[in-house]
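Asker: The following block contains a protein sequence and its predicted model.
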Amino acid sequence: MNSTVNHTKHKAGKGSDSPREAEGRAYALSTVRNIGIVAHIDAGKTTTSERVLYYSGKVHKIGEVHDGTATMDWMIQEQERGITITSAATTCFWNDHQINIIDTPGHVDFTVEVERSLRVLDGAVGVFCAVGGVQPQSETVWRQATKYNVPRLAFVNKMDRMGADFHKVVDEIQTKLKAPATPIQIPIGAAENFSGLVDLIKMRGVIFSEDDMGSNIEYVDIPAELAADAEAYRADLIEKIAEIDEQVLEAYMEDADVSEETLVAGLRRATIANEIVPVLVGSSLKNKGVQPLLDAVVSLLPSPLDIPAVAGVSPKSENELSREVSDFEPLTGLVFKMANDKFVGKLAFVRVYAGQLKKGMNIYNPRTKKRERIGRLLRLHANHREDIDTLYAGEIGGMVGQKLFTTGDTVCSENDPIVLENIEFPEPVISMAIEPKTTGDKDALVDALRDMADEDPTFHTSIHEETGQTIIRGMGELHLEIIKDRILREYKVKANAGKPMVAYRESVSAKGEGNFTFEREIGGDHHFAALTLSVAPAAAGAGNTISFDVSNKIIPDAYRKGIEEGIADALLTGVLGNFAIIDAKVTVIGGQTHDTDSSEVAFRSAAVMALRDAVNNAAPVLLEPIMLLEIETPEEHLGDVMGDLNSRRGRIREIKSSNDLQIVRADVPLAEVFGYATSLRSLTKGRASYSMEPQAFDPVPPNMTDAILNR
């Protein structure tokens with residue numbers, strides 16, 4: 001039986017008569033899907049996104065990453081490097097469903113793009129390379145999706161490549177990611193013999209035409225050599241769903257061959273509950289398997305109606321609030337990304353959870369306690385924009401010209417304010433100095449850095465107190481390289497940049513006490529405060545805590561805010577080399593006030609000096625960021641790679657074989673991996689590859705501390 005899949009835009013359909021939905025909607029809430037495509041770098045996320053856009057009729061020509069023509073990789077830096085740097089959002093339509101897609105980066109330097117995208121998405125497609133399997137960044141994005149409880153599909157891509165092994169990848173998803181991965185498709189052939197797949201729900205083969213970009217699909221009988229495997233996989237799928245879904249269990253007890261309709265409904269409930277991760281298979285580059293993936297997105301991933309009501313707090317009373325997904329609830333939305341668009345200016349990406357966001361309306365920002373008027377609303381398609389009048393509940397779009405909003409801000413109405421949980425971002429691990437080439441470029445550089453810091457919460461700028469230099473900080477060498485490139489090309493500012501520097505931290509290795517008495521005349525008024533603090537080490541990664549072990553009589557509540565601010569200031573500057581102190585437990589254990597001379601200013605100043613005294617008495621240590629490196633190298637170069645890692649103070653975690661490659665996982669200080677890509681190419685004649693991600697902060701060896709601190 002031959003079937004042609006029409007890749008034209010589907011006609012809009014309501015799909016639901018729910019009274020909770022506004023009349024102006026083109027698509028019912030139940031037919032909306034907000035999904036992200038996430039994976040390790042080079043697993044094929046953007047290639048998959050391009051096929052989705054083509055088959056859904058959004059574009060009429062497939063863009064390729066390797067040609068620099070991918071629609072979703074629109075930045076010139078992305079096209080040159082063949083990687084995704086910034087999340088691109090688009091909307092397409094499939095089988096009377098509206099699918100809002102965010103294609104995210106795979107490189108660890110841009111993990112913030114994945115974090116903030118998953119925060120606002122209802123479902124995700126995890127793409128895995130059929131050869132590489134579960135790779136380091138696969139684990140990172142999977143953890144991020146788990147953190148936000150996002151239901152997922154797994155798509156095993158690149159089945160056309162030599163060494164492709166579908167079953168090995170499924171096993172790695174189950175063991176490495178601890179995910180309940182369950183195939184709903186199995187491949188027909190592998191490598192050059194990969195021709196299609198077996199649909200385990202419909203129990204038929206699916207073959208994709210090579211002549212017309214895979215648009216024509218042929219449904220065939222299951223190949224005889226796969227019939228037994230298909231029956232076994234289907235039986236396993238039914239049993240797994242029956243174990244967790246009563247309706248499927250009842251049907252299974254009556255007849256072991258559960259109907260397709262019952263099976264899909266049960267699988268959808270299990271997927272949305274994160275109790276099963278359906279696994280699909282294909283080769284996006286060869287145009288195989290993408291339409292069934294779209295079918296699975298529509299039939300298995302949640303609509304906004306399947307997601308629990310969004311939770312927040314009242315900015316007035318701090319009572320907990322929740323908002324159901326409805327066009328008629330009070331407006332509730334989250335700004336998850338800022339961008340500076342050369343055509344429209346400042347652009348805020350927003351997910352509307354409840355209510356309606358309309359052009360021309362006033363919106364309230366509970367962080368700034370100010371309201372702003374919406375000038376324009378946009379539907380997004382990579383770097384192209386479409387003006388619209390309204391964003392409804394469950395939709396994602398862009399607001400233009402909002403000056404007071406930044407990433408993580410809540411959008412709401414002033415009459416019914418709510419504050420949604422903010423997005424947490426990792427701290428930068430690398431820094432470098434930057435300065436304009438000419439005096440005339442100074443203001444333009446400041447503006448460019450400010451704009452990019454607004455866009456990217458992991459990019460920080462500061463002025464060095466002693467040298468007056470501008471210091472920029474980011475997540476890695478590539479991150480800062482892209483920043484430099486954008487300053488030159490996008491903002492037309494010529495600047496000189498120093499060499500990247502490690503963003504060290506400080507901590508304490510023992511318990512210590514410190515005290516300080518502040519007694520000074522300021523502006524004709526006498527100020528007095530005396531404070532005693534203790535500081536002790538906390539568990540790695542626990543962060544800093546501030547507590548009071550004194551009675552109100554010793555230090556009145558009126559001064560506690562000033563003390564906390566002083567301690568926070570001192571924690572930011574440290575005592576060894578002006579690096580921030582992390583993982584410290586600070587306790588206020590004593591103090592003294594004066595009836596008339598004590599003030600919040602005095603206690604804030606006393607807190608700064610008392611903490612520095614306490615840290616100096618608590619065996620302060622310098623910490624350096626440690627990176628987890630995963631290196632894939634041919635076996636003949638393994639010895640050279642290992643020797644090089646040892647010379648870089650690397651600690652080997654494990655070495656394992658995968659096909660004809662050796663995979664080395666090692667912890668290496670960031671200071672030792674600058675320029676590692678060039679060294680690895682030289683050592684292995686360009687045959688090895690690597691990826692790395694921040695892992696932890698560890699103490700710097702004593703013999704190196706003095707050199708770093710210039711002592």
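Answerer: Good, I have the coordinates. Numbering: from 1, shown residues only.
Asker: top helix in the chain by residue count?
Answerer: As far as residue count goes, and with DSSP state H defining each element, the longest helix of the chain is helix 224-244.
Asker: so what secondary structure elements neighbour that one?
Answerer: Applying 3 or more CB pairs under 8 Å, 6 or more residues apart in numbering; DSSP states H and E, one finds that helix 224-244 contacts strand 181-183, strand 185-188, helix 246-254, helix 260-272. Glycine gets a C-beta too; all of them are placed from N, C-alpha and C.
Asker: if I pick V621, what's in contact with it?
Answerer: With contacts defined as CB atoms under 8 Å, 6 or more residues apart in numbering, the neighbours of V621 are 506-509, 699-700.
Asker: in stretch 192-207, what's buried?
Answerer: Within stretch 192-207, the residues that qualify as buried by neighbour count (16 or more other CB atoms under 10 Å) are 194-201, 205-207.
Asker: Pull the distance from that stretch to the chain's centre.
Answerer: Average the C-alpha atoms of stretch 192-207, do the same for its chain, and the two points are 33 Å apart (CA atoms, centre = their mean, to the nearest Å).
Asker: And that stretch, end to end?
Answerer: Terminal residues of stretch 192-207 lie 14 Å apart, using CA to CA, to the nearest Å.
Asker: Bridged to N340, which residues?
Answerer: K346 (DSSP bridges).
Asker: Can you name the residues bridging to the residue lying closest to D409 once chain neighbours are set aside?
Answerer: With sequence-adjacent residues excluded and distances taken as CB to CB, 6 or more residues apart in numbering, D409 is closest to V335, at 4.7 Å. The bridge-partner assignment for V335, based on DSSP bridges, gives V350.
Asker: if we can go back for a sec, mind listing which of the buried residues of stretch 192-207 are in helices?
Answerer: With helices identified by DSSP H, none of the entries of the buried residues of stretch 192-207 belong to them.
Asker: My guess is R520 contacts H527. True?
Answerer: Yes. In this structure, R520 sits in contact with H527. The criterion is CB atoms under 8 Å, and the distance is 5.6 Å.
Asker: Could you check which of those two has the larger neighbour count?
Answerer: H527 (20 against 13; other CB atoms under 10 Å).
Asker: State the three-state secondary structure for the more buried one.
Answerer: In terms of secondary structure, H527 is strand; the call rests on DSSP: H, G, I helix; E, B strand; the rest coil.
Asker: so which helix or strand takes in the closest residue in space to it that isn't next to it in sequence?
Answerer: What sits nearest to H527 in space, not counting adjacent residues and going by CB to CB, 6+ apart, is A602, at 4.0 Å. Mapping A602 onto the secondary structure by DSSP states H and E places it in helix 600-616.
Asker: Show residues contacting that helix.
Answerer: Residues external to helix 600-616 that are found in contact with it (CB under 8 Å, 6+ apart): 506, 508, 512-518, 520, 522, 527-535, 555, 558-559, 561-567, 569-571, 574-575, 581, 584, 586, 591.
Asker: Now, those residues that are in strands?
Answerer: For the contacts of helix 600-616, the ones inside strands are 506, 508, 512-518, 520, 522, 527-535, 584, 586, 591, with DSSP state E as the criterion.
Asker: Give the ChimeraX command for selecting the buried subset of the residues you listed.
Answerer: In ChimeraX, this line selects whichever of the ones in strands among the contacts of helix 600-616 come out buried by 16+ other CB under 10 Å:
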select :506,508,512,513,514,515,516,518,527,528,529,530,531,532,533,534,535,584,586,591
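Asker: Give me the neighbour count for D416.
Answerer: 16.
Asker: And stretch 385-402, how far out from the chain middle?
Answerer: Relative to its chain's centre, stretch 385-402 lies at 22 Å (CA atoms, centre = their mean).
Asker: average pLDDT for that stretch?
Answerer: Along stretch 385-402, the predicted local confidence has a mean pLDDT of 86.
Asker: Stretch 462-478 now?
Answerer: Taken as a whole, stretch 462-478 carries a mean pLDDT of 75.
Asker: so how far is that stretch from its chain's centroid?
Answerer: Going by CA atoms, centre = their mean, the spacing between the C-alpha centre of stretch 462-478 and its chain's C-alpha centre is 24 Å.
Asker: how about it: buried residues?
Answerer: In terms of neighbour count (16+ other CB under 10 Å), stretch 462-478 has its buried residues at 470-478.
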